[in-house]
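S.K.: no sequence on this one, just coordinates:
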């Protein structure tokens with residue numbers, strides 16, 4: 001793999017990971033408000049759901065960032081994006097929510113691309129010859 005391809009693959013992983021790392025940290029910083037918000041959406045057991053979401057965002061984002069178990073993590077984050085798109089953002093009467101809905105679908109496409117092509121040369125998967133890469 002040439003350096004340009006390795007660099008763009010790494011940059012793509014970084015850009016996809018940043019939103020999840022930032023979102024997880026933001027949910028921790030505003031924990032009570034976030035819990036109230038997800039409860040208002042009708043999410044069952046928000047006190048249990050929120051820590052799971054935070055873990056999914058942080059662990060998935062960090063794993064993607066360093067390229068660790070990249071393919072299964074990318075599939076997991078793709079599922080997260082689809083679930084969130086339909087449960088949280090699908091409000092045809094609200095333009096901002098529909099933009100977020102489409103953003104989630106676009107990120108799903110990016111994650112599916114990562115799942116199909118792997119972490120690239122500059123990753124933990126490549127360094128340790130992880131079978132999923």
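M.R.: Okay, I see it. Keep in mind that this is a model prediction, so the values were computed, not measured.

S.K.: So the residue most central in space within the chain versus residue 93, what's the distance?
M.R.: With distances taken as Cα atoms, centre = their mean, residue 77 lies nearest the centre of the chain, 4.2 Å away. The gap separating residue 77 from residue 93 is 28 Å, by Cβ to Cβ, to the nearest Å. (C-beta placed from N, C-alpha, C; glycine too.)

S.K.: Run through the neighbouring helices and strands of whatever helix or strand the residue nearest to the centre of the chain lives in.
M.R.: In this structure, residue 77 sits in helix 70-84 according to DSSP states H and E. Contact here means 3 or more Cβ pairs under 8 Å, 6 or more residues apart in numbering; DSSP states H and E; on that basis helix 70-84 packs against helix 3-29, helix 46-66, helix 95-117.

S.K.: Let's see that with 10 Å instead.
M.R.: helix 3-29, helix 46-66, helix 95-117, helix 124-127 (3 or more Cβ pairs under 10 Å, 6 or more residues apart in numbering; DSSP states H and E).

S.K.: out of those helices, which comes closest to residue 37?
M.R.: helix 46-66 (8.6 Å; Cβ to Cβ).

S.K.: the inter-axis angle of that closest one versus helix 70-84?
M.R.: Interaxial angle of helix 46-66 relative to helix 70-84 (axes from the mean of the first three to the mean of the last three Cα atoms, to 10 degrees): 140 degrees.
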